[in-house]
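Chemist: prediction below, plus the sequence it came from.
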Amino acid sequence: MKRVFCGGALAAALCAGAWAQGVSGYVFGAPGGLTGSARTVATLQAGAGVELALPKGFGAGVEVGAVSAVNSWGDSTVGVFAPGGTYHFRRGRDRRFDPYAAAGYTMFFRDGRANLFHYGGGVNYWVLRHVGARLEVRDQVGTIDGTVHYWGFRFGVTVR
């Protein structure tokens, strides 16, 4: 747990120092589901993240959040730590639509931890120069009692 918070603090410090170089932040909420063993349970996800723009449309970021089954909110809530990379298909700050693909590592934690990976994609729609709407579909896949998918439709706000 200490490592997660130290890693998150380090990432935030590095990103804050590079803010002028193209750092964006975002918050999101996501209705979705946990699919495994031929059944699906409704879930809710929420979180926040930062992303550093790299050359040629690439980006690196980290996010923290929580995911829980809707019918047992609180009892089944787990923390989520997810560093990863992105690729933005349309580069440049002057574009309103900013479609991207994302993938990376995901760690769930509560009493122990579980290692997963995530992939997905979405779009930032820049309503104002520094404020946009964020829409994303993401799947977090792991082998927790067989293969499971924590998928969600993310809705959020992004700032740069």
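Modeler: Structure's in. What do you need? Numbers count the residues shown, from 1 in each chain.
Chemist: tell me the centre residue of the chain?
Modeler: Within the chain, one residue has its C-alpha closest to the average C-alpha position: by CA atoms, centre = their mean, that is E63, at 5.3 Å.
Chemist: after the one helix or strand it maps to, which helix or strand is next?
Modeler: Using DSSP states H and E, E63 falls within strand 58-69. With elements assigned by DSSP H and E, the helix or strand that comes after strand 58-69 is strand 78-88.
Chemist: next secondary structure after that next one?
Modeler: strand 97-109.
Chemist: buried sites along that following strand?
Modeler: Buried residues in strand 97-109, defined by neighbour count with 16 or more other CB atoms under 10 Å: 98, 100, 102, 104, 106-108. C-betas here are computed from N, CA, C, even on glycine.
Chemist: out of those, who's nearest G79?
Modeler: F108 (7.0 Å; CB to CB).
Chemist: pLDDT wise, what is the residue sitting furthest away from the middle of the chain at?
Modeler: Computed with CA atoms, centre = their mean, the residue of the chain farthest from its C-alpha average is A38, at 25.4 Å. A38 carries a pLDDT score of 83 in this model.
Chemist: look up how far G146 lies from it.
Modeler: Per CB to CB, to the nearest Å, A38 is found 10 Å from G146.
Chemist: quick one: strands adjacent to the host helix or strand of N115?
Modeler: Element membership for N115 (DSSP H and E) is strand 113-126. As defined by DSSP bridges, the strand partners of strand 113-126 come to strand 97-109 (antiparallel), strand 131-143 (antiparallel).
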